[in-house]
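A.B. asks: predicted structure and sequence below. I'll ask about it afterward.
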Amino acid sequence: MRVRRFIGAVVAMLIAAGPGATRDYDIVSIKAGDTADVYFQINLSGTLYLNIRTKDGAGCANLWWIKWPLGTIKDEGRHCGFVKLDIPGFFDLSFSSKLRAFAEGNDTKIGYSASEAVAHTITFDFP
């Protein structure tokens, strides 16, 4: 029954997300008190949609981006339930980034989907 509720919540998130829902979703499981990588991107821009859940319903997690090439941290803070985050890009001094999450007091599952596009391209001319 709990699995059905979780899947129903993820489907509802994807329907409500609109264009960002066209891509398949993934689920990351995090044990209580642990940290896990949720999402990784290189040269992409767009929006990341998250659904943070525990066995009791909506869950909470501390989220932060690790941005390259400088290796800086962008703290997103504590979020609960449905979350919409912008993928760090040029104005964040980021060419690549990884979203990490810390599960507070309960085992947590994070379902995510992204609406993403290539951020920068290089054009080659041949004679």
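C.D. replies: Alright, I've got the coordinates.

A.B. asks: and S113, how far from T123?
C.D. replies: S113 sits 30 Å away from T123, going by Cβ to Cβ, to the nearest Å. Every C-beta, even on glycine, is put in place using the N, C-alpha and C of the backbone.

A.B. asks: before we move on, what about V28?
C.D. replies: V28 is 36 Å from T123, by Cβ to Cβ.

A.B. asks: repeat for E104
C.D. replies: For E104, the distance to T123 equals 47 Å [Cβ to Cβ].

A.B. asks: just F95 next, same as before
C.D. replies: Distance of F95 to T123, computed by Cβ to Cβ: 18 Å.

A.B. asks: swap in A101?
C.D. replies: Counting by Cβ to Cβ - A101 and T123 are separated by 37 Å.

A.B. asks: more neighbours: which of the two?
C.D. replies: A101 (25 against 4; other Cβ atoms under 10 Å).

A.B. asks: tell me the helices and strands packed up against the strand of greatest length in the chain.
C.D. replies: As assigned by DSSP state E, the longest strand anywhere in the chain is strand 72-86. Judged by 3 or more Cβ pairs under 8 Å, 6 or more residues apart in numbering; DSSP states H and E, the packing partners of strand 72-86 are helix 2-17, strand 44-54, strand 60-68, strand 96-103.
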